[in-house]
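Peer 1: build me a structure from this.
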Amino acid sequence: MNEIVGTVSRRTFLKATGALGGGIVAAGMPLGQSIWAAEGKVLRVRAASDLGNLDPGSYGTSSFEVMSCVYSKLIRYNPGSEWSWELEAAEQVQQVDPTHIRFRLKKGIRFTGGYGELRSKDVKFSFERIIRLKLAQTYDMGSFDHVELEDDYTGVIVFKTPFAAAWTLMLPYGVGHIVSEDAVMKATKDGGPIGMTPTAFSGPYMLADWKANQYALLTRNPEWSGPKPGFDEIRIVPISDTKVAERAYQAGDTDFTPISVDSLAAFKKDPPADTNVEAKPSLDYTYISMNSDHPKLKDINVRKAIQWAINVPQVLEAAYSGQVEVATGIAAKGLIGYRDKALVPPVGDLAKAKDFLDKAGVDGLTLTLDCMNSTPFTTIAQVVQAQLSQIGITVEVNIHDSSEFYTLGMQSAGARWKDLQLVVQHFTMVPEPFYFSAAYTRDQIGIWNWERFSSKRYDELNAIAITVNDPDERSKLYREMQDLLEESGAFRFLTNGVNPFMYRTTRMQAATDPQGKPLYIGFKPV
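Peer 2: Take a look at the predicted model:
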């Protein structure tokens, strides 16, 4: 798809070769025949992946960043350092009881393409189609059932059971984007998956042009009646290789880019001219996983020996040049459920580790440690290999590409899960703890629960926590759940990581969420 709904005047275009400084082309990332605006305030940014999807039910990170500009949600995340939300398409939204949320839309929000005003029927259609089609992100909808319409602007979101994540995930994140029922039905005939099919836009920007793996061009939505966005255009160039993206920034081809963790210290010390370098704590989590059903790891004393033998700061210094913080659990700082400290201290204790091995009556133990073929993870594996050798455990490291790695613990993929022992695990996260907690219930054993962790108490807490709206009470439950994970001996938490980025201060004031992801509509020109 090379032409998207909407038009841009001829005077606003020129060839990319004239607009870009040549750094991306020089780095082996030709932009082909892409076209850019010659005038106005322009935001030039790098995305880690191509757009590829405009369906709120099947979003990825890059598509979420664009959808947040071209669609509307009832509420949206605030920029800054704390997770909070503000009203967007809704002028009022209220939890009226544990299973009902009433909303009233702002008047005057219009869809492009002559599809009229955004109405409550569009909210109903947008949410219910995700469930009806069982799209990829149905999980984000939790116990959502349906939307009851009261009038053109008012409706009630109905859940089967209380769903606290409605406020932290469903409404402000990907599945919360509202599409035009009339436009989607016309484009798909049955309301099915949108993909990159042109429909209609209701946000401050519209997608004016897109060429796969080359660029996406956002321009002002002429029908937008809300606060004027800071830039006339947003030009997004997908560059998957972070090092290439850093060179493109230095060549002047982009003005905002995420950077690699191993480049962070160097850029902090000697940043490019007129550049601000920042790093915000990531929500992702990395840990050493142990298959508690494997004969060599069934004894909890062996698993605890491994926990205590791993010196986490040493691991992180080697793998991330000391640029990331030690994790206290799975929930990152700032999230509901964050723990002030882990049960096993970060540096561990070799003497204690040896005592646990003695209790197990184990000597000359050999284990395998599997990881993905990525420098941080292979480095983690090598450091853990050396640390465990200090208590007499010999470790063989097995390295896999990502497509193979993510099937290792899946029972549906064969019998390899039976041989799985230690794993360097890494998962991406969203600002809602139930996203991680559900992975370790008993019904997830052999699916996401590769540790084969089994706890009736954990499952009970997981079922309760998602129904509790009070964040302090929810935090207590999720902290206890992480205690149970760690007490099992099958988890050694390492880090939640960091998201570093840099931007040109002569061009913009950047706006990001608390984990450093760009919120483009909040960017302001200088």
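
Peer 1: can we go C-alpha only for contacts and neighbour counts from here?
Peer 2: Will do.

Peer 1: lowest-pLDDT helix or strand in this structure?
Peer 2: Of all helical and strand segments in the chain, the minimum by mean pLDDT, DSSP states H and E falls on strand 14-15, at a mean of 31.

Peer 1: show me what contacts the residue with the largest distance to the centre of the chain?
Peer 2: Each residue of the chain has a distance to the centre, and by Cα atoms, centre = their mean the biggest one is for Gly361: 42.8 Å. Not one residue lies near Gly361 by Cα atoms under 8 Å, 6 or more residues apart in numbering.

Peer 1: can you start the count at 627 instead of 1 from here on
Peer 2: Happy to do that; since the first residue is 627 now, the last one works out to Gly987.

Peer 1: break down the stretch 827-976 of the chain into its helices, ranges please.
Peer 2: 868-876, 887-895, 926-935, 938-946, 976-986 (DSSP state H, counting those that start in this stretch).

Peer 1: list the contacts for Ala1136?
Peer 2: 1129, 1144, 1146, 1148-1150.

Peer 1: what comes up buried for stretch 934-953?
Peer 2: Neighbour-count burial for stretch 934-953, counted by 16 or more other Cα atoms under 10 Å, picks out 934-942, 945-953.

Peer 1: swap in stretch 1110-1127?
Peer 2: Within stretch 1110-1127, the residues that count as buried by 16+ other Cα under 10 Å are 1110-1112, 1114-1127.

Peer 1: now, which of those lie within helices?
Peer 2: Secondary structure from DSSP state H places 1110-1112 of those in helices.

Peer 1: which among those residues gets closest to Leu1014?
Peer 2: The closest of those to Leu1014 turns out to be Glu1112 (Cα to Cα; 18.4 Å).

Peer 1: residues contacting the closest one?
Peer 2: 969, 1118.

Peer 1: quick check, pLDDT for it.
Peer 2: In this model, Glu1112 is scored at 98, pLDDT.

Peer 1: same check, this time on Gly648
Peer 2: Reported pLDDT for Gly648: 39.

Peer 1: quick one: contacts for Lys1102?
Peer 2: Lys1102 makes contacts with Gly963, as judged by Cα under 8 Å, 6+ apart.

Peer 1: mind checking the SS state of it?
Peer 2: Secondary structure assignment for Lys1102 (DSSP: H, G, I helix; E, B strand; the rest coil): helix.

Peer 1: and it, how far from Ile727?
Peer 2: Separation of Lys1102 from Ile727 (Cα to Cα, to the nearest Å): 25 Å.

Peer 1: cool, Asn937 as well?
Peer 2: Here the criterion is Cα to Cα. By it, Asn937 lies 47 Å from Ile727.

Peer 1: straight-line length of stretch 718-731, end to end?
Peer 2: End to end - Cα to Cα - stretch 718-731 spans 7 Å.

Peer 1: could you give the separation of it from the chain centroid?
Peer 2: Taking Cα atoms, centre = their mean, to the nearest Å, the mean C-alpha location of stretch 718-731 is offset from the chain mean by 26 Å.

Peer 1: identify all contacting residues around it.
Peer 2: For stretch 718-731, contacts defined as Cα under 8 Å, 6+ apart pick out 700, 713, 715-717, 745-746, 779-789, 1093.

Peer 1: ok so, going back, of the contacts of Ala1136, which pair is most distant in space?
Peer 2: Using Cα to Cα, those reach their maximum pairwise distance at Tyr1129 and Gly1148, which is 14.1 Å.

Peer 1: if you count surrounding residues, which of these two has more?
Peer 2: Taking other Cα atoms under 10 Å, Tyr1129 and Gly1148 do not tie; Tyr1129 has more neighbours (23 against 16).

Peer 1: quick check: next helix or strand after the helix or strand hosting that one?
Peer 2: Using DSSP states H and E, Tyr1129 sits within strand 1124-1130. Using DSSP H and E, the next helix or strand after strand 1124-1130 towards the C-terminus is strand 1134-1135.

Peer 1: summarise which helices and strands that next one is packed against.
Peer 2: strand 1150-1151 (3 or more Cα pairs under 8 Å, 6 or more residues apart in numbering; DSSP states H and E).

Peer 1: low-confidence ranges, the protein, go.
Peer 2: Residues of the chain meeting the criterion pLDDT under 70: 627-665.

Peer 1: check contacts around Ala674.
Peer 2: Contacts of Ala674 by Cα under 8 Å, 6+ apart are 688, 864-868.

Peer 1: how about Val903: what's its closest non-neighbour residue?
Peer 2: Met1128 (4.4 Å; Cα to Cα, 6 or more residues apart in numbering).

Peer 1: ok, Glu708 next?
Peer 2: Nearest non-adjacent residue to Glu708, counting by Cα to Cα, 6+ apart: Pro1140, 5.7 Å away.

Peer 1: ok, the one you found touching Pro705?
Peer 2: Yes: using Cα atoms under 8 Å, Pro1140 is in contact with Pro705, at 6.8 Å.

Peer 1: any idea how far Asp1098 is from Val1152?
Peer 2: 40 Å.

Peer 1: rewinding a little: the contacts of Ala1136 into a markdown table, with extra columns for distance to Pro798?
Peer 2: Converted to a markdown table, the contacts of Ala1136 look like this (distance: Cα to Cα, whole Å):
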| residue | distance to Pro798 |
| --- | --- |
| Tyr1129 | 25 |
| Pro1144 | 15 |
| Tyr1146 | 15 |
| Gly1148 | 15 |
| Phe1149 | 18 |
| Lys1150 | 21 |
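
Peer 1: host element of Phe751?
Peer 2: Counting by DSSP H and E, Phe751 is found in helix 746-759.

Peer 1: ok so, going back, okay, the angle between the strand holding Tyr1129 and helix 938-946?
Peer 2: 40 degrees (axes from the mean of the first three to the mean of the last three Cα atoms, to 10 degrees).
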